[in-house]
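Visitor: Using only what follows, build the 3D model:
(2 chains)
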Number of protein chains: 2
Amino acid sequence: MNRKPNVVIVGGGFGGLAAAKALAGADVQITLIDQNNYHGFQPLFFQAATAGLAPNCVASPIRSILRKQANVQTVLAQVTSVDLVNGRVHAYSGAKDEAGPDITVQFDYLVLASGARTNYRGKDEWMQFAVGLKDLDDAVEIRRRILLAFEHAEREIDPTALEQLLNFVIIGGGPTGVELAGAIAELKRHVLASDFRSIHPDQAKVILIQGGERILPQMPEGLSVKATRYLGKLGVDVRTKQRVKDITAAGVTLADGTFIPSSTVIWAAGVSANAITQTLGVKLDDGGRVVVEQDLSIPNHPNAFAVGDTALFMQDGKPVPGLAPAAAQAGRAAAKNILRDLANQPRKDFHYVDKGVMATVGRSLAVAQFGRLEFGGFLAWLLWLFVHVTFLIGFRNRLAVLFDWAWAYFTFSRGARLITGHRMLAGAPDSVPDAEPEPSPVPAKAAH
Amino acid sequence: MNRKPNVVIVGGGFGGLAAAKALAGADVQITLIDQNNYHGFQPLFFQAATAGLAPNCVASPIRSILRKQANVQTVLAQVTSVDLVNGRVHAYSGAKDEAGPDITVQFDYLVLASGARTNYRGKDEWMQFAVGLKDLDDAVEIRRRILLAFEHAEREIDPTALEQLLNFVIIGGGPTGVELAGAIAELKRHVLASDFRSIHPDQAKVILIQGGERILPQMPEGLSVKATRYLGKLGVDVRTKQRVKDITAAGVTLADGTFIPSSTVIWAAGVSANAITQTLGVKLDDGGRVVVEQDLSIPNHPNAFAVGDTALFMQDGKPVPGLAPAAAQAGRAAAKNILRDLANQPRKDFHYVDKGVMATVGRSLAVAQFGRLEFGGFLAWLLWLFVHVTFLIGFRNRLAVLFDWAWAYFTFSRGARLITGHRMLAGAPDSVPDAEPEPSPVPAKAAH
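Guide: Residues are numbered from 1 along each chain as shown, chains lettered A, B, ... in the order given. The predicted structure follows:
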């Protein structure tokens, strides 16, 4: 080629960022497209959802992460479809709730890393009652619902309504469900005890519903037992072998007819690939994932790769799990195969290296597995912490971020530069005060 | 009275919180009503609006601030009207974008500290194009607009559209306008230079429009001159004696016919009292403020007080300014008059003590006035910083908060517990993927 090859990466998550970074210094022109201007650190979203960390602590602007990499152009846009035959990505420019002008980006190589979305298993009407936890806005919405439930409960005198407000139901006993359940249990203990007058921590209940035999089915059985015990210590009611029949504004009905009144239901029972994969015209699995070749390319489209939650990659007869490290490894491997192509070298097959799995239950309890080694408790929790902080550092110098948190003002904190939040009319001043007075009790103007 | 007197405080800003705190330990039952669950530290909102500080750094949950004060009950509700004759406050319960059930709170004493809202001087249609900066949602919206303008500019090739995207117009040359202008000028310099590829910092322009002869009219003329010079150093185009004739999506038209194309216009040209005052049936000034007595009570309603931006208090023939310290002083004074009533002591007149005014222009430049002392530059900036950190500490132990920022995870950070953000449909998974694919490029699931 006379011009530099165009590499288009769809998605600035773990897979997409790893691909972009692996192409640093290469003689290509990279276009990274995401509908958010930030990379979300998903393993800690449960913390943002339970007010343990501020949303800005678990996300970094993509431009900042890649600002020293001169061959990357970052584009804020929502991809609507991919035309594999003609090598084109179609998108609306702008953030995800904007409807900007259409854009088309031509690619020589594609890395599709558009991730997953919450899968309600055909029951999309449950969405409004049971929020998933797939992006930062979800996390903020969950936090909002939990905190509002506390606020309403504080004023509620009807015992039935109070029970509904103080039951927190998490559906799905995988790592996300377990971590959310543990964190809500800790939140209610600490917050209700100190900040509220009428309600008592013991009145609030956290209920974890798992369809299968045990929670954390991805882990060895011993760790499921440990995690169940840890959750029990925190007062979480773990119910296994329970299927959900219905979810309404009033609560959750289980397959056996049991009704659990709850105004705060969280859905952590599964994801499917982003809908972009539906536009590819290639074979997908039940979860909407592209069944990729051993070099991560999309069948019959050797210049297009799919990685992370967008792809189903079989290794030793099993699918590679939908974990951040797996996505990052695949993103890197796809990028290296592009580099090999450009150097006229043969491609290599992807090989996922399992570095272990872990889940934290509470502030000092976790379970972890590394190969044959499995353990739980405080040591596992320390390790969990260490791994996550290390991971954060990998994407952006998070030691500096730790400092930013304290000295944000002095250091031009980049962490705060996130395009989040949506304005609603309720927040705007009222044009007809008499008709509908708008109270905005922020009494004092700036002190200057 | 046989029962404890009910003191209702409307608004958890500087005035309302100061009143609540001044009643600590008193034999009263306090109900503090706010539509947000947090106290916003308004003097630093301009930082949140310009991505200098994360929103959670400039707000604290009201419950946390008052959690050790046993005689306070905090209620999350939007006050719709106040019935002074029957001693009742009417409200919708819930956060400001919820429509919860009606509630009525009876009071023996009232402290109305419901603050101000942006005043578009009868041109409410400008609201959609020119955001004010009166609450934290405003700050997030302004940040969003500024950052999106950068994003769009990065992809824009049409020079006219580019100019519109990179012109940032601030209307109003008071402290808020000056601080916003300086902060945007710094933001564009730092962010555009490091994170963007196509646009250059010099292409972006910050224009500050002031109707009067000079910016910072509240301050001595020497400081206006200094502030103008500092803004000039940062590249801000300060235009005085300019009235705004119209604002549209395309930009701002001045009274002399000049059109400034701009997609990001911020309104810092004035506020009026919250619309609650319209329901009182008492005399208001042009800004909707209650013209209060010398003891801060509402005329003919000695058991009801108005403080801060809700009130017009004349002292030495001049109105007390709408500043945080003035609101806090008034809130405290009103509370003390309630205590005097209960102790059968005569009330005292409010006397505002002017502790000075300051405005920061950039990261190392500010102007300050303390009585006859007036100065600018780095020293003024250090002082500004010192005063604001001290102020923060007053409302909530912000030394601990500084630590929270770094160690949020270890310390059960309360700073993150803010009910902010609004969910829009665009953020939710799509139920008909084929019809309208929903791209949510967050590629990887949690690493566990």
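
Visitor: For the rest of this, base every contact and every neighbour count on C-alpha atoms.
Guide: Noted.

Visitor: From A:Ile266, how far off is A:Ile142?
Guide: Going from A:Ile142 to A:Ile266 by CA to CA, to the nearest Å gives 8 Å.

Visitor: what's the overlap in contacts for those two?
Guide: Common contacts of A:Ile142 and A:Ile266, defined by CA atoms under 8 Å, 6 or more residues apart in numbering or on different chains, comprise A:Val131.

Visitor: Just name whatever secondary elements the longest strand along chain A is in contact with.
Guide: Secondary structure of chain A per DSSP state E: the longest strand is strand A:72-83. For strand A:72-83, the elements it packs on are strand A:29-34, strand A:88-93, helix B:136-155, judged by 3 or more CA pairs under 8 Å, 6 or more residues apart in numbering or on different chains; DSSP states H and E.

Visitor: Out of those, the one nearest A:Phe107 is which?
Guide: strand A:88-93 (5.9 Å; CA to CA).

Visitor: what sits against A:Ile252?
Guide: Quick fix: residue A:252 is Val, not Ile. If you count contacts by CA under 8 Å, 6+ apart, A:Val252 has them with A:244-246, A:259-262, A:265.

Visitor: beta partners of it?
Guide: A:Ile247, A:Ile260 (DSSP bridges).

Visitor: which residue ranges form the helices in chain A?
Guide: Here chain A has its helices, by DSSP state H, at A:14-22, A:45-49, A:62-65, A:136-155, A:159-166, A:175-187, A:193-195, A:221-233, A:324-342, A:378-395, A:398-407.

Visitor: Mean neighbour count and distance to chain B for those helices - can I get that in JSON lines?
Guide: Converted to JSON lines, these look like this (neighbours: other CA atoms under 10 Å in any protein chain shown; distance: least, CA to the nearest CA, whole Å):
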{"stretch": "helix A:14-22", "mean neighbour count": "27", "distance to chain B": "6"}
{"stretch": "helix A:45-49", "mean neighbour count": "27", "distance to chain B": "8"}
{"stretch": "helix A:62-65", "mean neighbour count": "22", "distance to chain B": "5"}
{"stretch": "helix A:136-155", "mean neighbour count": "22", "distance to chain B": "5"}
{"stretch": "helix A:159-166", "mean neighbour count": "19", "distance to chain B": "13"}
{"stretch": "helix A:175-187", "mean neighbour count": "26", "distance to chain B": "7"}
{"stretch": "helix A:193-195", "mean neighbour count": "17", "distance to chain B": "5"}
{"stretch": "helix A:221-233", "mean neighbour count": "18", "distance to chain B": "13"}
{"stretch": "helix A:324-342", "mean neighbour count": "23", "distance to chain B": "5"}
{"stretch": "helix A:378-395", "mean neighbour count": "17", "distance to chain B": "8"}
{"stretch": "helix A:398-407", "mean neighbour count": "19", "distance to chain B": "4"}
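
Visitor: mind putting those in a markdown table, mean pLDDT and distance to A:His351 included?
Guide: Formatted as a markdown table, the helices of chain A follow (pLDDT from 0 to 100; distance: least, CA to CA, whole Å):
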| stretch | mean pLDDT | distance to A:His351 |
| --- | --- | --- |
| helix A:14-22 | 96 | 15 |
| helix A:45-49 | 86 | 28 |
| helix A:62-65 | 84 | 26 |
| helix A:136-155 | 89 | 30 |
| helix A:159-166 | 95 | 46 |
| helix A:175-187 | 93 | 24 |
| helix A:193-195 | 77 | 49 |
| helix A:221-233 | 95 | 26 |
| helix A:324-342 | 96 | 8 |
| helix A:378-395 | 71 | 20 |
| helix A:398-407 | 42 | 29 |
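
Visitor: what about A:Gly122, how many neighbours?
Guide: Neighbours of A:Gly122 under the rule other CA atoms under 10 Å in any protein chain shown: 8.

Visitor: And the pLDDT at it?
Guide: pLDDT for A:Gly122: 89.

Visitor: OK, contacts around the closest residue to A:Val292 other than its chain neighbours?
Guide: Using CA to CA, 6 or more residues apart in numbering or on different chains and skipping residues adjacent in sequence, the residue nearest A:Val292 is A:Ile298, 5.0 Å away. By CA under 8 Å, 6+ apart, A:Ile298 lies in contact with A:282, A:290-292, A:304-306.

Visitor: one more time with 10 Å, if that's ok
Guide: Taking CA atoms under 10 Å, 6 or more residues apart in numbering or on different chains as the criterion, A:Ile298 is in contact with A:84, A:110-112, A:280, A:282-283, A:290-292, A:304-307, A:311.

Visitor: same question, A:Val291
Guide: If you count contacts by CA under 10 Å, 6+ apart, A:Val291 has them with A:282-285, A:297-299, A:306, A:310-314, A:319.
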